[in-house]
Every structure is written in structure tokens, then in C-alpha cells.
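# pasting the sequence and the predicted coordinates here, then a few questions.
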Amino acid sequence: MTRHYKISRSLIGSLLLGSAIVATGCATTATGVSNSAIMSSAASSAAAKGLVVKAPAGTALAVVRYPAFIEEAAEQQYYESFSKNIIGKGRPEQDFNSPDVQALADSIILKSNYFALSLYKELAERLPEHSVLLSPHTIKLGPDGKLMSEPMTQAESLANVVTVDFVSYTYPDASKMMGGEPLTFGDLVTPIVSVKSDYRASVPTQGVLLASRPIVSRAAANGKARADATRKALQSGRLDTTPTDLDFVTFLNGTRSTQVARKGLNRTGNISAVRAYDVEKVKLDKTAMKSLKSVEGKSVDPLEKSFSSGFANQVVGILNSTDIEKATMGGRAAAIAQFDESLAALTLVGSTDPSYLARLRYAERLMDAEKNYLSVQSLRLFDGVHNGEMGAQIRDMLAAEYATLEKRRKLARQQNAATALAILGAVAAGGAISSQDGNQSLGQRLALEALIQGAIFAGTQAYTMNRRSRAIGDNYLASIVPALEEQTSVQVSLIDSNETITAIRYEDLQAKLQTLYSQNQRALSTVATSCAYTHSGVEKTGRWLGECQGGLASGSGVGTSQLADGTNIEYYGYAQNGQAYGPGFMIYHNLTQSYAVEGNFTAGQADGVMKVTQSGKEDALRTYVAGVNTGKAPSGSMHASPFNGPLSALGIN
Amino acid sequence: MSARFMTPALAGIIFAALSVPVWAQSNAPIIYGDLGTATTPSMSPKTSSKPAPRVEMTPENVQNIVTQEQAFPANAYSTDISETGTHSNARANIIAAPSQDFCITVMSEFPQDDGTQESLTPRYQFYKLVQHMAVGATPEFNTSLAHYGDIDVEADTPVMDVIEDIANPVIRQAAPELTVSHMAHLINFAQTCETFVDGQISSLTAFNPSLEDDDLIIQEDALYLRQILSDSLSRLGADTDSRHSFATQSYANSLITARDNIEFASFETELEELEALYMTDLDGRLARSNDMINSEINRETLGDAITLADDMNEQAKRRQKEDQIRTLFRILNGY
């Protein structure tokens, strides 16, 4: 009996410890937020007034990017990166070779593909026809062994005002499913998003305007990479650049990172900083979840009310406050350069010359045709995925996951109840033991034994409940792997088949449009060429694309050069004798930050009232004399701008 | 005039006009009025959103309609004359337009209609052509025309003769001042009788909207004739005359703009055709592709997986329950 007591006391001790752990970290029921910060953000309601800006012809307002599938060669690297570079607390207990981890990794792609369409739908409802495009990405293995992503369509080859990256994320450990870690399962979605414009529209943040907190620095790194690539292209006389990796892919690689100023999601003021969105598990609309398997399932969008409608409002608000001209000038020039290099660089600043406007009108109409074509492609992609069998199966999957999650929640609640009983029993038993004086009657001893046994039973029940709860979900993931593979292959077929068709047809259309364009062109009175551009302090002569005279920059265009300290300079505006002269917009990229000044330039130097844009601060008007900042500009001052000409020959969409 | 000196479209217009029956080319002053809605029930809501006036076609009322529509074409549809009973007081509302006689006389020399669709086309084309010919003619430019033209064209000169003379290469080489006079006559008519011309065009297109299909060709013809005028003025030295050079240069610039617009419209038409072709093709291909892939999807895979997951979950629950019972048994039996 003594031995029995010892064992019992030992059990009680460990039980109490376990109970304490469970009591403090009570088995959670995988809750999420019904009201996302995105929905409640002030910007969301402010944006409800609708779009008040317009994009120039041939320009998309928003492009939604998301991971669509992974090439086989990249799968292992993807699983490994997924299990190492995580969003959430602590370290996952499972390694990347486990089927559960791989199922979770695969489900990220699948769910992102589905839920990104919700954003697309909501944006398309709020923005003009043909102004929202889908850009599904393929995750590949790069030559350096790291992951990379490439767009499957040409959607990013056209100018756009903002790109939206979307991923529905899950922590790479199924055993943490019921805890606080990020999860996309059943009625829970963890959106990881970023909204970016071209870096020229938000220089200090590298174009990043809003991003989920864990990927802010990765999104900024991609923005910076884009800026670097653009500058290198300009130096070699080209205007085109390739689209950047998805920010999520850069996050998985864990290599590139650029620090930029951040501010809260609700701070929509003019401070140059990224609005950071905290990671949250969004709980989907319960009514919609219950309707997923009904005949109306196709029209049900469980993400709409809890996230995507608010997010679309956020994007509209962002569009309203974005400098459209700076956001699109690079993309437009690059798109035009594909069929008219003589015109392309002139469009960066624009001109009122009739021959320029006449030609631009053709170019814009051509780009509009391309945009409309890509828009139809996006619509069909949406239709194929959302309204097709694949969408139906994902909805089946979501419904099954929801049922599984609900079972786990029920067991978790039972476990909590059992744990509470165990604690009560243990406390009662402990109290009895502590009051014993060694002179217990047989009745007392029996009563004490019963209490201890009761506590042990309750504890055991809590333990088994926990095990059972954990098994449910793990079992689901283990069994769903073949289905995920099937889904992925369907997805590949669906997008790849469409892409094969559309790529061929798109190239064919482009060729025909370019022929039509060439047949209809008359001479430009001024053409864009390449020549020398200099700046005081540069080690070697830079490159100018635009109007030239005598081999030197003269007129409008873009110039690039590098200062002796390594600072890179981009200049958009007017030049004379190879130097900035007249209204201009100059961007400086140094090792620690990027900033910009806009105003009048004389002999390459800022001269007069300049608008200064720098990290963490509101734009300010300063007075410059021969390139030196002499202080705050007098009240009521105005700065010169090279962008006061017509934004578009065709008008704006 | 030989057709080889004209654009194909212009030759077509003139040919079409010549095809109008002689009786329909009479000097009768009634022009649009005898298309009167009482005899043209096709002025229906299907072709025009504005209700056409309906009135008994007595000679008095016909004249009344003609005058009202010519003076204020918008009134042709904005007021339902039939609502005023027998309309014996309608004449009291007639407001005479300036130069009404001149306008009616010139218009009587336009191709007439015989109530058939075919006869409407040349009529529309000529009104539209004359309307476009006046584009870019400022008061200063009209002064230049008056200066360099040397005859007054009679109001009752058939409009076709006037256009033929403008397009005649011999006349424009040998007597450019005649070309200027003829153009000045048509420009003067288009500007003085703008309301009448607009009314005619609106009425005709309301009657048959497809008449607008050839607008681009008519614009090209007008540009061709305007270029002849610009060349003739240049030949007469207007562009070097300090009193007239600004006006003639502005006119020449307006020709460039017009040419740009015509070329762009032509480009846009071609592009729209390409766009429609490719987008319809794309849409169809993608729809078929989606259908094909959808039909190949093995829907049972997911269902099987979910059933398997449920089975595994049930097994797990059963196993845990058994463990629980065994544990309880051990506890109650004192290990």
C-alpha cells in the first residue's frame, strides 16, 4: 500500500504539473478573428467612397499575384524552405520530409490559388472593366539552388499601378493546428499579403505600400531588386525589366532583406512608411462555410465578408492615394519599348508635341488591346478555377476540413472539461493528503484512494482526449495527400493548358498589332536615343535615354549615373548639355536608404524649391541652392515638376 | 468630272447621287418634310428613342413641319404636334431662320429622296460631306476665301456640279480661284445653314442609323476636297500673304489634325476587328480547354481521401477509447 501511495503521489505530482501546463495553455479550439484588422481598418471605410483616380490608357490598375504551382524539381527545396523559414512562434516539431508537412506545404499553393480569386473578384467589382489582371506564378528552382517564381502569363508585362501578392499560409506543424500558430484549414485562413507600386511612386519604401509584418523586409528587398534591375537595364540602354519573385518566395528563401520604415495599418497619413499588417487567423463566414457543399456553393465566397471585401477597399484606398504617373511611367515606357523604342523614353516625362501625341495615341490603343486580351484571359482563369471542377473540389475539401476542425474543436472542449475535472480531483486529493495525520480510519483511507483514482481517471481522460484530438486532422492531412497531388496536377493542367493556348495566341496578336502599328506611323519630330548623362561627383559618364543633342542629354528623358561614394542616381526630367536642367525628379539609392527630390535643376544640381521624399517622414518642401539644402521653403511655395504634361494621349481609363 | 481623279468613295457618292430618279431631283422646296412621319411609320422607337411627330399630312401641316424642323430640328422630336389637336394654330409657332430662302434653295439642289431607303443614302452622304468640308473654316479663313475666290456661285447651282468643279484637276490647275469660289460656296452654306444641315442629318440617321456606317469614308472625301482648297490657296499665294497666311496656315494645320483623326479612326477600326477576333477566339478556346480539363478530373479521388480520413479518425477515436477503458480498468483494480 505504501508503494501504491508513493506511485499515486508521484502520479498526482506529475498530474498537477501537467494540469498546470494544460490549465495555463488550455487546449485551444483553433479560434480565429471574425473581424480582421483589414476590415476594421480606417482606410477600409475611407476607401468605401470608391475609386477616384484613373489609370492612363493601356495600364492595369491592379495585378493579383499568387503561387499557382511548383515545378517538380523545386519541390524538395520548397518543403525544406517551408519548414525552416516560418511565420509563427517557436520551432516546428516535424521535419520537412514528413507527409504532413508536405501536405501543408502543398495546401498553401492550392488554397492560395483559390482564395486569390476572391481578391480578384472583389477588386474587379470595384475597379473599371479590364483593369484587374491575374498573374499566377510558378515556383521554380533557380540556378543558385534557391527558389524563384515566374509569372505564367504576360499580365506583368504591361504597366500597372499596384501589384498585390497573396498567400494563404499555414504553420508547418500539424500538431500546432489547434494552437495559436497561423493556419489555413477549414474555416480559418491566414492571409499573407503585400501591396506594391513601382518604386518610383514610393521611393523610400521601395514601392511597398502595405504588407504583412513578416514579409515587409522581403517585399522591400524585391522592390529594391526591381530598382537595381531597372537601373542596370537603363545603363545598358534598355527600359524593360523582368517581374520580381513573389514576396512569399523571397521570404521562404530567407536571403534577401531590406529594412524600411513601418507604420501601423491604420496610419494612412503621408509619412513614407509601409503600413504593416499583423498576421492573423481570419475566421471565415460561418453561413458561407455551411453552404459550401450546397448547389449554390459556386457562388459562395467564404473569404469575402471576413477579409477580401475589406482588402479590396484597402487597395482602392491605396490606388486613390498613389501617384499614378510615377507608378506607371516605367512600366508604360517598358511596354512601349517592345514595339517603338523611338517613342518609349519620351513617354517617361511626356510632351505636347503633336507628332508625339499622335504616335502615343496609337501606342496606347495598342497597349489597351493587349490589356483587354489579358483581362479576358484572367476572367477565364477565374472561371476555370473557381467555377470548374477544381473549384468544386476545393470547396469539398474546405467543407471536409471544416468538419474535421469542428470535431477537433469539440474534442478540445471535452479535453478542457476533463482537464478541469482532473485539476479539481487532484486538488481535492492533495487537500486530503495534506490534512492526514497518520491516524486515518479505514473509511478515510478508502475515500482518499477513491479521490486519487478519480483524479487519475480524469487526467487520463484529458490525455487520451488530447491524443484523439491531435489524431483527427493529422489523419485528415495524411489521407488527403493523394487528393492534393491530384488537385495540383489538375491545376497545372488547367493553367498550363490555358497558358499554352493564350501564350501562342497572345504572341500572334502582339505580332499583328505591331504590324498594324508600324503601318500607321509617321515620323516623330523628336525621337528618343541614347547618349551621355553626367552629374557632379560621378566617376564615369552615365547613360541617358531620351532626347539628345551632340551626344549629350538635351531635352526630356531618363538618366542614370553613379557617384563616387557608390550612390546610384536616377533622373527623370529635362536636361541640357548632358546634365539635369529644368524640372526633374531625382532618385538617390545609397547603401542604407533611397530618397528623392523633385523640382528645378540647374547644371545638374537641385536649385530652388524642391519636394523631398524620405523614409519615415512626410514629404517636405525645401529650398536648395546649387544642390545644397538651405532650409525649409517659404510658406506657399510650389515646386516644379516634369510631370505636368498630358498623362495620356487617349485620355485616361 | 472623271472618276479617276476622285477617291473611290467620292466617286461612289457622286455615282449614287446620279442614280437618284430625275423626278426626285426636282427643285421642290420640300426636302425632309415629304419624308413626313405620317408616311414613314418606320420612325419607330426601334430606331429612335425620341417619338416622331404624327400629324395629318395636309399641305398646310407638311409645310409647317418642314419649316419647324428646318428652323429647329430638335423640335422635330421634342414636341408631339399631334397633341395640339387639329393643329390649326401651329403656324403661329413658326420661327423663320436667317437666310432661310438661301438654305432652302441650296438644299433643293441636293439629291432628293423618293421615300425609299436607297434614296436616303446619297442625300445623307452629301449633307455629311458638306458638313465636314466646313471643318476648320474660321471667320478669318472665310475672309481669305472671299479675297481669293473670284465668282459668286448661284444658290441654285446643283451641289454635284459644285463638287465636280472642285475635284476637277484642270480647273484647280488652271483656275484655282474657281476652286476657291466653289469651296467658299459650300462652306458658306454649311455654316449659314448649319441648323438645317444638322437637322437633315439627324432626321436621316434617326430614320436609318446604318447611314453612319460610311462616315469615315465621307470624312476622307471631305479631307480630299479640303486639301484641294488648301493647295489652291497656296497656288494663289495666300500662304505668303501676310494678311492671309495665318488663317491659311491654321487651316492647313487643321487638315493635319483631321488626317490624323481619320487615320487613327481607321487604325482603331482595324484594331477593333483584330481585338474582337482574338478575344472571341481566346474566350472560346479557354472555355473549351476548361471544359475538357473539368471532364477529365477524377472527382472520386478527393471523396475517397475524405472518406479515408474519416475512417482513420474513427479508428483513432475507437483506439483511444479502448485505451481509456483499459487505463480505467487498471486504476480501479489497483494496478
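Noted; the coordinates are in hand.
# from chain B, how far off is the closest residue in space to residue A:339 that isn't next to it in sequence?
For residue A:339, ignoring the flanking residues on the chain, the nearest one in space by C-beta to C-beta, 6 or more residues apart in numbering or on different chains is residue A:514 at 4.6 Å. Any C-beta I mention is one placed from the backbone N, CA and C, and that applies to glycine too. Residue A:514 sits 11 Å away from chain B, going by C-beta to the nearest C-beta, to the nearest Å.
# hmm, residue A:362 and residue A:514 touching each other?
No: between residue A:514 and residue A:362 there is no contact under C-beta atoms under 8 Å: 10.8 Å.
# contacting residues around the nearest residue to residue A:146 once chain neighbours are set aside?
Of all residues beyond its chain neighbours, the one nearest residue A:146 is residue A:253 (4.8 Å), with distances taken as C-beta to C-beta, 6+ apart. Taking C-beta atoms under 8 Å, 6 or more residues apart in numbering or on different chains as the criterion, residue A:253 is in contact with A:81, A:85, A:146-147.
# in helices, which of these appear?
Members of those lying in helices (criterion: DSSP state H): residue A:81.
# these two touch, right, residue B:274 and residue A:516?
Yes: using C-beta under 8 Å, residue B:274 is in contact with residue A:516, at 7.0 Å.
# about what we covered before: just the closest of the contacts of residue A:253 to chain B, please.
Proximity of the contacts of residue A:253 to chain B (C-beta to the nearest C-beta) peaks at residue A:81, which lies at 25.9 Å.
# hmm, the closest one is touching residue A:254, no?
Yes: with contacts counted by C-beta under 8 Å, residue A:81 reaches residue A:254, the gap being 7.2 Å.
# same drill for the two, tell me which one is more crowded.
Higher neighbour count among residue A:81 and residue A:254: residue A:81, with 22 against 13, using other C-beta atoms under 10 Å in any protein chain shown.
# so the nearest residue to the more buried one once chain neighbours are set aside, which state does it fall into?
Leaving aside its sequence neighbours, residue A:81 sits nearest to residue A:252 (C-beta to C-beta, 6+ apart; 4.0 Å). Under DSSP: H, G, I helix; E, B strand; the rest coil, the three-state class of residue A:252 is helix.
# residue A:83 is in contact with residue A:252, correct?
No: the pair residue A:252 and residue A:83 fails to qualify as a contact (C-beta under 8 Å) at a distance of 10.0 Å.
# taking the stretch 101-250 of chain B, what residue is nearest to chain A?
For the stretch 101-250 of chain B, C-beta to the nearest C-beta, closest residue to chain A: residue B:250, 13.5 Å.
# now do the contacts for that residue.
The contact partners of residue B:250, taken as C-beta under 8 Å, 6+ apart, are B:136, B:138, B:140-141.
# turn those residues into a markdown table, including neighbour count and distance to chain A.
Converted to a markdown table, the contacts of residue B:250 look like this (neighbours: other C-beta atoms under 10 Å in any protein chain shown; distance: C-beta to the nearest C-beta, whole Å):
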| residue | neighbour count | distance to chain A |
| --- | --- | --- |
| B:136 | 18 | 15 |
| B:138 | 13 | 19 |
| B:140 | 14 | 21 |
| B:141 | 22 | 20 |
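# and the two most separated of the contacts of residue A:253?
Pairwise distances across the contacts of residue A:253 peak at 11.4 Å for A:85 and A:146 (criterion: C-beta to C-beta).
# still on that earlier bit, so how many other residues sit close to the residue nearest to residue A:339?
Counted with other C-beta under 10 Å, the neighbours of residue A:514 add up to 14.
# out of residue A:252 and residue A:83, which sits in the more crowded spot?
residue A:252 (27 against 22).
# do you know how far the more buried one is from residue A:148?
10 Å (C-beta to C-beta, to the nearest Å).
# cool, and residue A:260?
Counting by C-beta to C-beta - residue A:260 and residue A:148 are separated by 22 Å.
# do the same with residue B:248
63 Å.
# and if you look at residue A:248?
For residue A:248, the distance to residue A:148 (C-beta to C-beta) stands at 12 Å.
# and the two? which has more neighbours close in?
For residue A:248 and residue A:148, the more surrounded residue by other C-beta under 10 Å is residue A:248, and the numbers stand at 30 against 19.
# next, give phi and psi for the nearest residue to the more buried one once chain neighbours are set aside.
By the measure of C-beta to C-beta, 6+ apart, the closest residue to residue A:248 outside its immediate chain neighbours is residue A:167, 4.4 Å from it. Dihedral pair for residue A:167: phi -140, psi 140, per degrees, to the nearest 10.
# contacting residues for residue A:167?
Listed by C-beta under 8 Å, 6+ apart, the contact set of residue A:167 reads A:66-67, A:108, A:112, A:191-193, A:246, A:248.
# and it, bridged to which residues?
Judged by DSSP bridges, the bridge partners of residue A:167 are residue A:192.
# quick check: it vs residue A:214, distance?
Residue A:167 is 11 Å from residue A:214, by C-beta to C-beta.
# what's the answer for residue A:345, then?
Residue A:345 is 38 Å from residue A:214, by C-beta to C-beta.
# quick one: which of those two has more around it?
Neighbours per residue (other C-beta under 10 Å) separate residue A:345 from residue A:214, with residue A:345 holding more: 26 against 20.
# how about stretch A:375-382: buried residues?
Residues of stretch A:375-382 classed as buried by neighbour count (16 or more other C-beta atoms under 10 Å in any protein chain shown): A:375-382.
# can you add secondary structure and give those back as CSV?
Listed next are those as CSV, based on three-state DSSP:
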residue, secondary structure
A:375, helix
A:376, helix
A:377, helix
A:378, helix
A:379, helix
A:380, helix
A:381, helix
A:382, helix
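# any idea how far apart the tips of stretch B:157-176 sit?
The straight-line separation of the ends of stretch B:157-176 (C-alpha to C-alpha, to the nearest Å) is 19 Å.
# that stretch - what's its average pLDDT?
The pLDDT scores in stretch B:157-176 average 89.
# these two touch, right, residue A:33 and residue A:282?
Yes: if you go by C-beta under 8 Å, residue A:33 and residue A:282 touch, sitting 6.0 Å apart.
# doesn't residue A:616 make contact with residue A:270?
No: counting by C-beta under 8 Å, residue A:270 sits too far from residue A:616 to count as a contact (11.5 Å).
# ok, and what's touching the strand or helix carrying residue A:607?
Assessed by DSSP states H and E, residue A:607 sits inside strand A:605-613. Applying C-beta under 8 Å, 6+ apart, the contact partners of strand A:605-613 are A:203-204, A:272, A:536, A:580, A:586, A:595-601, A:619-627, A:629, A:633, A:637-640.
# return the helix or strand in chain A with minimum mean pLDDT.
Between all helices and strands in chain A, the lowest mean by mean pLDDT, DSSP states H and E belongs to helix A:2-24, at a mean of 35.
# the helices in chain A, which residues?
Under the criterion DSSP H, chain A contains helices at A:2-24, A:37-40, A:42-46, A:75-84, A:99-126, A:216-235, A:247-253, A:286-291, A:309-320, A:324-337, A:341-344, A:354-382, A:389-435, A:442-519.
# looking at the ones you listed, which has the lowest confidence?
Lowest mean pLDDT of the helices of chain A: helix A:2-24, a mean of 35.
# could you point out which element follows the helix or strand of chain B with the lowest mean pLDDT?
Evaluated with mean pLDDT, DSSP H and E, the helix-and-strand set of chain B has its lowest mean pLDDT in helix B:75-78, which scores a mean of 34. Per DSSP H and E, the first helix or strand lying C-terminal to helix B:75-78 is helix B:100-107.
# chain B contacts on the stretch 501-650 of chain A?
For the stretch 501-650 of chain A, the residues in contact with chain B (C-beta under 8 Å from any C-beta of the partner chain) are A:501-502, A:505, A:508-509, A:512-513, A:516, A:520.
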